[in-house]
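In: take a look and give me a structure for this.
(chains A and B)
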There are 2 protein chains.
Amino acid sequence: MHLIHRLPMLQWARGYGGAVLSADLLAAVIVTIMLIPQSLAYAMLANLPPEVGLYASILPLVAYAVFGTSRVLAVGPVAVVSLMTASAIGPVVQAGLADALTAAVALALLSGAMLVAAGIFRLGFLANFLSHPVMSGFITASGILIAAGQIRHLLGVGGGGSTLPEILPALFAGLPRTNPWTLAIGAGSLAFLYAARRWGRHGLVRAGLPGWLADMLARAAPILAIAAAIALAKALDLGGRGVALVGAIPQGLPGLSLPIPSLELLAALAPAALLISVVGFVESVSVGQTLAARRRERIAPDQELIGLGAANIAAGLGGGYPVTGGFARSVVNYDAGAQTPAAGVFTAIGIALAALFLTPLLADLPQAVLAATIILAVLSLVDFRAIRRVLDYSPRDFLAMAATILVTLLVGVEPGISAGVLLSLVMQLYRSSRPHSAVVGQVPGTEHFRNVDRHRVLVWPEILSLRVDESLYFANSRFLEDRIAALVADRPRLRHVVLMCPAVNDIDASALESLEEINRRLAEGGIRLHLSEVKGPVMDRLRRSDFLRHLSGQVFLSQHEAVCRLRRDLGPDASPAQETGLACYGDAARLLRGG
Amino acid sequence: MHLIHRLPMLQWARGYGGAVLSADLLAAVIVTIMLIPQSLAYAMLANLPPEVGLYASILPLVAYAVFGTSRVLAVGPVAVVSLMTASAIGPVVQAGLADALTAAVALALLSGAMLVAAGIFRLGFLANFLSHPVMSGFITASGILIAAGQIRHLLGVGGGGSTLPEILPALFAGLPRTNPWTLAIGAGSLAFLYAARRWGRHGLVRAGLPGWLADMLARAAPILAIAAAIALAKALDLGGRGVALVGAIPQGLPGLSLPIPSLELLAALAPAALLISVVGFVESVSVGQTLAARRRERIAPDQELIGLGAANIAAGLGGGYPVTGGFARSVVNYDAGAQTPAAGVFTAIGIALAALFLTPLLADLPQAVLAATIILAVLSLVDFRAIRRVLDYSPRDFLAMAATILVTLLVGVEPGISAGVLLSLVMQLYRSSRPHSAVVGQVPGTEHFRNVDRHRVLVWPEILSLRVDESLYFANSRFLEDRIAALVADRPRLRHVVLMCPAVNDIDASALESLEEINRRLAEGGIRLHLSEVKGPVMDRLRRSDFLRHLSGQVFLSQHEAVCRLRRDLGPDASPAQETGLACYGDAARLLRGG
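Out: Purely as a prediction, here's the structure:
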């Protein structure tokens, strides 16, 4: 692999400057304004001090700019991964293995190392096993969990928990202790942020502002809410009235450090790190691919693993926690006109400046404002229409999705996503252990053979044409033995069985044993076994075995050729063709529609 | 389900008698003679007292006769399952959870319950995931382990161990302490048994005996060896010379009892019970199917689960240990002319009589004779030619087989078979995550479309025909997106992409998202997406989604129709057909051979 593939930065860094530089700078300003409140809020969601969110938005952006392949992906703390981080470090802290920050840093390093290793060994394909419905169900359930978990901050009551059965009773028990000041600040921020998102840009444009300014002001709404809340908190001494404030944040930047976590800590965090890596990678790649397609660019998934892994290692080195590519911020970056990953580097500088100079101002920020930011951000993750769409299309996919959602809500994020992935795998294995096959006949006037149960076709009593619709391997080959035995038992005049193999890409050693068994059993009953439409690679491999020597029949190029030759060989005694009757099906129309 | 399917006995018990009765009786005598020494030996292999082997050969045969569907399968203790039993109860006994016998009984009950449950819930398909090469490798490795483990009994030295790294050093360390009397008895029995198996029947026939008598005498060789060894041991006082003897065996039959194992014991035994159930079932069904096919009978795999489960529960109730259908004894039963499972009941009576009256005679039996019986029996399990055949045919299957063999020999039986099953599953998932697809063109003069890389076919620059050779699902749909993006990038004159779907049995929700994405991206580039040869059930389901409304192109019945219509629509500007050149391939010959 060439250096330019390993360091995608080399592609855009040469000749950088001018118009591209200004575009990137403008995008960086907008994204920085958006990221500051989000970083603070997501750190709170991960049960970490707010400054950790800022730290996680500095070095990772630089690392991704160097190693990542998407030109506009913005990495940093995101809601779902923050929730998974909270769920991962909770037990570790409780068991006394490490404090929350040490555990978060170890989690980022571990997840980064896994991603880089997966990139080097080209294991990106493993992410495909997280199916779309499972991922979508998991994100919806996470959004619900996050929103439910933040309500207590809006009300100013205690409680906690990481699943609905833990969160809800604590919340109801706390209701009577609602702090009116907190609720006022929280509900006010929520209403303001919602209004700004829904009508802000439009309203400002109608008020006569130019589009770009309206856009930037609308995106600054969370910053405005924070500034206003801080001013209010100071003016009304909200801290003294029982409103939970963020409190003192250490000023400045963390030093670079490489903490060596204990093996025990790593072992405890490994399963969660794996799930965070997979979920983060899938989310990041899907955002990256969507945006790349808009500009006819492409991203390289295996290199993305390295980019994202580098970002996580950088997060760990810089005192942050696991990061990934976020959808909302990447879209903002794209819309704001970012041309190269340099925009990410400028954003990192912006966040670093904030960490240096703004943190003293944040001590008086009510936590309720951050909770409102989170709730508004995650509500867009909840997608009930997607659930409905999957239910209509595929009950099996819906089952995996529903299991993911329920287990995530009721048991937790790690069991939830694991249950979804395992259930989809088991259902897939079950399905492929029952290979689809169909008895076919000739569509009159063509060389085309179709299912006798679905089409009006010609068949001959001496010849059974069975189309095998799947590669044959250990899990499904015995099923084929059973199917053929049953079909033969029903057909007393049968002389030839032709297995039509256009869909057979592979015949493994177990399936070869089954075919030899089928051939032997048919031969004992005076029936010859033939193959047709066998693919080249399969044929090459069959030639390396004894099978073709034992085969009682022949291998034909096409099913049409097989039937023509076998009928000629049967001679004058052959039965005439029989037409299968399926008038009720309206089959001509059906054929045209591709049925 | 009808009672006759649940109690297959009802099929043969009505009108039983006469010629069938005599045939079954004769077969029972021969099998009994064979089973007595084997039962004692396999119990020793399982680290259990010898009489437990006899007990395991009584009630299970009766239970299988009632519930099993094979007419000639003979169940009882077998070598591989005995080895697995030893490996399962060893740790439990060491941990002090139970004594060996209690653990063995619990293992039989647990395995029986699992099998019956699997039969009721029709989970027999799960056994398909134990692929042929993995099973064959496991049996070969077990045979080697068993033989290696018995050598110490031939030498009369101590030692133990359940893996080669444990067995071999202990064996070499013990060599200097070899007991010459034991070695003489052991090597003598081995030579005699080998000669009797190899030349016995043939020699007796040549000496003028009728075939049936020669056969029975040859099969009685182990019994003769045992009788001679007992006589020798008594005459020469071998016990006093340091030869290990079987020792006193309790006379009589065990009472029926249903010991209730503790939950802790069940939990410790559960993984081993599962593996024993799967291995036992696969072995049993393959023996049963092979013999049934010879007489054009069929066995019902799901009912076999119940038959085998009942046999194991009976083994547990009657003080035995896990059993399954054995190959050698079933073949003997078949060859001896057994007609119905009643032969099994008569065999059980024979073994019960032996347990009642013969056990006092066995106290002086040298263990070395039993070891010789075991070694000779398991050497037929070791099949190096099968390894070679799999290596030639399929490197991937060979990898799974080699892993099974190595892990079994070096780590143990449970890790060995688990490693084989997991590795085959992972490789299968990896393979199916890269769906086979091929750009196809028309074979001149036919309506047939084949791979452009393998055949001389006609293609048109404006039309890309891509045959998709696998069902599309979450693990492979993104791969198709990548493939199409790459193909389109190479073809500037492209106007139509036709996905030919004869092998697509299913499109799940993830794949549907991918297809919508492909359709959208192609449309943005001015290219229309069409489908052809879509199967009925897939089409039915696509109609339940929005996809067909968004599809930029059409759905055609056949690829031939698609190309004809699209070329007509392209009008007079359409490019002429181009013939792909593959003269070097000798493709006419290749086509005839089905390549």
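In: helix or strand for the nearest residue to A:Asn476 once chain neighbours are set aside, which one?
Out: Nearest residue to A:Asn476, sequence neighbours excluded (CB to CB, 6 or more residues apart in numbering or on different chains): A:Pro435, at 4.2 Å. The C-beta positions use only the backbone N, C-alpha and C, and glycine is treated the same way. Secondary structure from DSSP states H and E places A:Pro435 outside every helix and strand.
In: A:Pro435 reaches A:Glu481, doesn't it?
Out: No: A:Pro435 lies out of contact with A:Glu481 (CB atoms under 8 Å); the separation is 11.2 Å.
In: the two: who's more crowded?
Out: A:Pro435 (22 against 18; other CB atoms under 10 Å in any protein chain shown).
In: residues in contact with the more buried one?
Out: By CB atoms under 8 Å, 6 or more residues apart in numbering or on different chains, the contact set of A:Pro435 is A:468-470, A:472, A:476, A:479-480.
In: nearest to chain B among those residues?
Out: Of all the contacts of A:Pro435, A:Asp469 has the smallest distance to chain B: 5.1 Å, by CB to the nearest CB.
In: the helix or strand encompassing A:Leu224: how far from the chain's middle?
Out: Here A:Leu224 sits within helix A:221-236, counting by DSSP H and E. Remark: helix A:221-236 is offset 37 Å from the chain centroid, using CA atoms, centre = their mean, to the nearest Å.
In: how far away is the closest residue to A:Gly239 other than its chain neighbours from chain B?
Out: Leaving aside its chain neighbours, A:Gly239 sits nearest to A:Leu245 (5.0 Å; criterion: CB to CB, 6+ apart). As judged by CB to the nearest CB, to the nearest Å, A:Leu245 and chain B stand 44 Å apart.
In: likewise A:Leu409?
Out: Separation of A:Leu409 from chain B (CB to the nearest CB) stands at 21 Å.
In: that older thread, isn't the residue nearest to A:Gly239 right up against A:Ala233?
Out: Yes: taking contacts as CB under 8 Å, A:Leu245 lies within contact range of A:Ala233: 6.4 Å.
In: looking at the two, which is more packed in?
Out: Set A:Leu245 next to A:Ala233 and count neighbours by other CB under 10 Å: A:Ala233 wins out with 23 against 17.
In: so who does the more buried one touch?
Out: Contacts for A:Ala233 (CB under 8 Å, 6+ apart) come out as A:185, A:239, A:243, A:245, A:364-366.
In: could you check the pLDDT of it?
Out: A:Ala233 carries a pLDDT value of 88.
In: quickly note the distance from it to B:Pro250.
Out: A:Ala233 is 86 Å from B:Pro250, where distance means CB to CB, to the nearest Å.
In: cool, and A:Trp460?
Out: 68 Å.
In: re the thing from before, list buried residues within the contacts of A:Pro435.
Out: Buried members of the contacts of A:Pro435, scored by 16 or more other CB atoms under 10 Å in any protein chain shown, are A:468-470, A:472, A:476, A:479-480.
In: distance check, A:Leu145 against A:Leu410.
Out: 10 Å.
In: who has more neighbours out of those two?
Out: Legend: neighbour count by other CB under 10 Å for A:Leu145 and A:Leu410, higher for A:Leu145 (24 against 14).
In: helix or strand for that one, which one?
Out: In the assignment (DSSP H and E), A:Leu145 maps to helix A:132-155.
In: what is whatever helix or strand comes next after that helix packed up against?
Out: Tracing the chain past helix A:132-155, the next element assigned as helix or strand by DSSP H and E is helix A:164-174. Packing partners of helix A:164-174 (3 or more CB pairs under 8 Å, 6 or more residues apart in numbering or on different chains; DSSP states H and E): helix A:132-155, helix A:395-410.
In: single out the most deeply packed of those helices.
Out: Highest mean neighbour count among the helices and strands packed on helix A:164-174 (mean count of other CB atoms under 10 Å in any protein chain shown): helix A:132-155, with a mean of 24.
In: tell me which residues are up against stretch A:171-178.
Out: Stretch A:171-178 has contacts (CB under 8 Å, 6+ apart) with A:148, A:151-152, A:155-159.
In: now with 10 Å, please.
Out: Stretch A:171-178 is contacted by residues A:148-149, A:151-152, A:154-161, A:164, A:242 when judged by CB atoms under 10 Å, 6 or more residues apart in numbering or on different chains.
In: can you give me how far that stretch is from the chain middle?
Out: 36 Å.
In: which parts of that stretch are buried?
Out: Buried, per 16+ other CB under 10 Å, within stretch A:171-178: A:171, A:174.
In: repeat that for stretch A:312-332.
Out: Quick answer for stretch A:312-332 (16+ other CB under 10 Å): A:312-330, A:332.
In: sort out for me which of those residues are in strands.
Out: Per DSSP state E, strands hold the following members of those: A:324-325.
In: out of the buried residues of stretch A:312-332, which are close to chain B?
Out: Checked against chain B using CB under 10 Å from any CB of the partner chain, the buried residues of stretch A:312-332 yield no neighbours at all.
In: what's the closest non-adjacent residue to A:Pro37?
Out: Nearest residue to A:Pro37, sequence neighbours excluded (CB to CB, 6+ apart): A:Pro222, at 4.1 Å.
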